[in-house]
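1. any chance you can model this:
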Amino acid sequence: GNAMVLLIGLFARRVTLMQLLYNWSVVLVANFAGCVFTMYFFAHHTELFEHEPRNSYVQSIAIYKVNLPPQVVFLRAIPANALVCTSVLLGQLS
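-> Numbers count the residues shown, from 1 in each chain. Next up is the predicted model:
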């Protein structure tokens with residue numbers, strides 16, 4: 001959502017490039033912290049992935065995704081971001 005909304009603001013000259021980059025960096029750090037927090041409390045404390053076969057399944061997915069080439073990750077992120085922007089737009093229109 002930030003990518004779409006702030007890019008439109010940048011193109012309309014209501015947001016500076018520094019404001020855009022600052023917002024994106026804050027959102028990146030906050031999203032990472034939220035992911036770590038969520039996984040720690042909901043997966044670690046509930047022992048959701050402690051037992052087989054879930055543990056090896058999650059590990060195999062993580063290893064696979066970490067070893068993907070950067071261009072593949074980038075190309076997969078484009079439609080993922082398009083879906084996020086579409087959901088933000090639909091939420092604003094509803």
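2. all helices of the protein, in order?
-> Secondary structure of the chain by DSSP state H: the helices cover 2-11, 17-39, 54-66, 70-93.
3. so for the chain, the centremost residue is which one?
-> Asn31 (6.6 Å; C-alpha atoms, centre = their mean).
4. mind checking how far that residue is from Trp24?
-> When distance is defined by C-beta to C-beta, to the nearest Å, Asn31 is 10 Å away from Trp24. Placement of C-beta: from N, CA and C, glycine included.
5. same check, this time on Pro79
-> Taken as C-beta to C-beta, the span from Pro79 to Trp24 is 19 Å.
6. what about those two, which has more around it?
-> Per other C-beta atoms under 10 Å, whichever of Pro79 and Trp24 has more neighbours is Trp24, with 13 against 9.
7. Asn2 is in contact with the more buried one, correct?
-> Yes: assessed by C-beta atoms under 8 Å, Trp24 is found in contact with Asn2 at 6.5 Å.
8. between the least confident helix or strand in the chain by mean pLDDT and helix 70-93, how many degrees?
-> Least confident element among the helices and strands of the chain, by mean pLDDT, DSSP states H and E: helix 2-11 (a mean of 84). Taking axes from the mean of the first three to the mean of the last three C-alpha atoms, to 10 degrees, one finds helix 2-11 and helix 70-93 inclined to each other by 80 degrees.
9. helix 2-11 packs against which elements?
-> Applying 3 or more C-beta pairs under 8 Å, 6 or more residues apart in numbering; DSSP states H and E, one finds that helix 2-11 makes contact with helix 17-39, helix 70-93.
10. identify whichever of the ones you listed lies nearest to Gly9.
-> Gly9 sits nearest to helix 17-39 of all the helices and strands packed on helix 2-11, at 7.7 Å, using C-beta to C-beta.
11. and for the closest one, what's in contact with it?
-> Asn2, Ala3, Leu6, Leu7, Gly9, Leu10 (C-beta atoms under 8 Å, 6 or more residues apart in numbering).
12. please report how far the fifth one lies from Val73.
-> Look at Gly9 and Val73: by C-beta to C-beta, they are 27 Å apart.
13. more neighbours, these two?
-> Shown here are Gly9 and Val73; by other C-beta under 10 Å, Gly9 has more neighbours (15 against 11).
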